[in-house]
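Trainee: Sequence first, then the predicted structure, then my questions.
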Amino acid sequence: MGYARYVAVGDSQTEGVGDPDGDGGWRGYADRLAEHLAGVGPDVRYANLAVRGRRAHQVRAEQLAAAVALRPDLVTVVAGMNDLIRPSFAADQVVASLADMFAALTATGARVATVTFPDLALLAPVLRPLRHRVLDLNAGIRTAAARHGVVVVDTFGYAVTTDPRLWNADRIHASPLGHARIAAAFADALGLPGSDGTWSRPLPGAHTPSFARTVAAELRWMTSFAGPWLYRRVRRRPSGDILPAKRPRLTAVTPPARGPA
């Protein structure tokens, strides 16, 4: 099936943070998926309403109406990471926001696709307490998606999704390779021509670092990323407060001038 009007809603992952476009901005999985769509059929138009830092209820409140107004035939909904890592996390509340978006978007006749979250505990020892949150949220996403006929890219059971090479140094945003794999996973789940299941294959050359290297990496991450993130939250300074949507109107898709493949 071809899609001519693709709209992406979400937070920094959908905005593309972690995947430089080579021109001072971000590319990301949604841009990459739009490029895949444009390679399948002509005249594809694409909008990206994502804003970094947004929690699921904010994505619903700020982006849903605009997405519906664009009359898309394909929508990706990716939100919840900013909820997962907060002390106030409640899986049922996040799922309720996602389910509201699923219901409203599928009611327009659009094909809707979403993702589950990988096992974050495997990315960093300090994230192990989040594992039960991920399990609860993923279960809710699968249930809500099944209820509304939403396509799910289920990432949790694949070891490659927690390979450090698919993640930015902050371990919150995907790397260029990670964004490429996410786009490929969406294309596969949607059954797009030229897609297949190779996105889920392990990367070659995987190795287990020594204990000393692991400890050093954890200390660098805590001081460079986790600490500053906590400071911003204590000061109540969300990263996307004054940012507009990345790409608020449906416009033609063109490949990036430069940037990683």
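Mentor: Great, that's in hand.

Trainee: right, and Val7 touches Ala47 too?
Mentor: Yes: at 4.8 Å, Val7 and Ala47 qualify as touching, with contact defined as Cβ atoms under 8 Å. Quick note: C-beta positions are derived from backbone N, CA and C, even for glycine.

Trainee: now the helices for the chain?
Mentor: 12-15, 28-40, 56-69, 81-84, 91-107, 131-148, 176-189, 211-221, 227-234 (DSSP state H).

Trainee: Go through the ones you listed and pick out the most buried.
Mentor: Compared across the helices of the chain, helix 12-15 shows the largest average neighbour count, a mean of 27 (mean count of other Cβ atoms under 10 Å).

Trainee: Spatially, what comes nearest to Phe89 if we skip its sequence neighbours?
Mentor: Leaving aside its sequence neighbours, Phe89 sits nearest to Asp83 (Cβ to Cβ, 6 or more residues apart in numbering; 5.3 Å).

Trainee: got a list of what Val153 touches?
Mentor: Each residue near Val153 by Cβ atoms under 8 Å, 6 or more residues apart in numbering is listed here: 113-116, 182, 185-186, 188-189.

Trainee: what do Val7 and Ala47 both touch?
Mentor: Common neighbours of Val7 and Ala47, counting by Cβ under 8 Å, 6+ apart, are 67, 70, 72, 250.

Trainee: where in the stretch 1-150 of the chain is pLDDT low?
Mentor: 1, 126 (pLDDT under 70).

Trainee: ok so, going back, to Lys246, which of the helices of the chain lies closest?
Mentor: Nearest to Lys246, of all those, is helix 12-15, at 5.1 Å by Cβ to Cβ.

Trainee: quick one: the closest one to chain centroid distance?
Mentor: Here helix 12-15 is found 6 Å from its chain centre; the criterion is Cα atoms, centre = their mean, to the nearest Å.

Trainee: Show residues contacting it.
Mentor: Against helix 12-15 from outside (Cβ under 8 Å, 6+ apart): 8, 26, 28-30, 48, 50-53, 76, 78, 81-82, 172-174, 182, 239-240, 246.

Trainee: could you redo the last one with a cut-off of 7 Å?
Mentor: 8, 26, 28, 30, 48, 50-53, 78, 81, 173-174, 246 (Cβ atoms under 7 Å, 6 or more residues apart in numbering).

Trainee: between Val7 and Ala47, who's got more neighbours?
Mentor: Val7 (28 against 24; other Cβ atoms under 10 Å).

Trainee: Give me the nearest residue to that one, chain neighbours excluded.
Mentor: Sequence neighbours aside, Pro72 is the residue nearest to Val7 in space, at 4.0 Å (criterion: Cβ to Cβ, 6+ apart).

Trainee: for that neighbour, what are its contacts?
Mentor: So Pro72 contacts 5-7, 110 (Cβ under 7 Å, 6+ apart).

Trainee: Pick out the one among the residues you listed with the largest number of neighbours.
Mentor: Val7 (28 neighbours).

Trainee: does that residue really touch Leu70, like I thought?
Mentor: Yes: using Cβ atoms under 7 Å, Val7 is in contact with Leu70, at 5.2 Å.

Trainee: Overlap of the contact sets of these two?
Mentor: Going by Cβ under 7 Å, 6+ apart, residues that sit against Val7 and also against Leu70 are Ala47.

Trainee: Quick one: residues in contact with stretch 131-138.
Mentor: 80, 84, 89, 91, 94-95, 116-117, 119-121, 156.

Trainee: ok, so of the contacts of Val153, who is nearest Ala38?
Mentor: Phe186 (14.3 Å).

Trainee: what's the closest non-adjacent residue to that closest one?
Mentor: Leu33 (5.2 Å).

Trainee: my read: that neighbour touches Ile182, true?
Mentor: No: the pair Leu33 / Ile182 is not scored as a contact, 8.2 Å apart, by Cβ under 7 Å.
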